[in-house]
Every structure is written in C-alpha cells, then in structure tokens.
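[1] attaching a predicted model along with its sequence, questions to come.
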Amino acid sequence: MNAKLLRLAYVCEFLLALVAIFTAWSEVGGQAALDLMYWGWKLGLGVALAAAIVALTASFVASDAWITLRTARWLAAIVALLVGMGALTYYYSLEEDNGDSDESSTISYLEYPKVLPIRAW
C-alpha cells in the first residue's frame, strides 16, 4: 500500500477510535461520572488511547509476525490506559454517590423578631 494512503488510513482510524472511545466510555462508565470528571483527564486519556491503538495497528503492519516486542509494548500501553480510565471513572462514580450536597434535608425558616408598636407620648 502506498505510504500516503497508509497515513490517510491511520488518520481515519484515529478519528474513528476517538468516537468509539468516548461513546464506549460514557456507556460503560456512566455519563454522570464523566460529567464530574475534569475535562483534561478525559481528553488526555482518550487521545492517548486512540494514539496507542493506531500505533498498535502500525506495528502490526510494519512486521510480518503478529507478536513482536513492539506490538506487546503497545498492547501493554493500551491495557494500562484502560485500567487508568477505569480507576478514574470508578473514583468519580464514588464521588457522585457521596451524597454531599448544598441542600439540607430539614426545612429551616427565619423568624423575625416581633416589632412592638410605637406609642405616642
């Protein structure tokens, strides 16, 4: 395959992997936990996982053998990123269920002091 077409295929795979990662992450981890999560974590881990998937594909294409040291390293990086994403999602799902809110469960009201009528002397 031509090198330019191969680069185009890698770019398409990267973009498709981004869509698949963020869709699967919200379905598996829950959208509420992702809404609480800092956007930098989501962006960094999602882009890193998509790049690792493309690098794994590139290492498969570069060698004739399926299992090489390079492919094993990229596979280990993908597993490590997935474990990190799972741990981070689990932490934020615990924060979601923490139940700390600004609202109290009791109803409180403010009672104004009684104003005494002004008497004319």
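    Perfect, I can see it now. Residues are numbered from 1 along each chain as shown.

[2] give me the buried positions along stretch 8-22.
    Of all the residues in stretch 8-22, those buried under the rule 16 or more other C-beta atoms under 10 Å are 14, 17, 18, 21, 22. Heads up, the C-betas are built off the backbone N, CA and C, glycines and all.

[3] any idea which helix or strand carries the third one?
    Think residue 18. helix 3-29 (DSSP states H and E).

[4] next up, the contacts around the residue positioned nearest the centre of the chain.
    Geometric centre of the chain, nearest residue: residue 42, 3.6 Å, by C-alpha atoms, centre = their mean. By C-beta atoms under 8 Å, 6 or more residues apart in numbering, residue 42 lies in contact with 22, 25, 34.

[5] count of neighbours near residue 27?
    Residue 27 has 9 neighbours, counted by other C-beta atoms under 10 Å.

[6] report the contact partners of it.
    By C-beta under 8 Å, 6+ apart, residue 27 has no neighbours at all.
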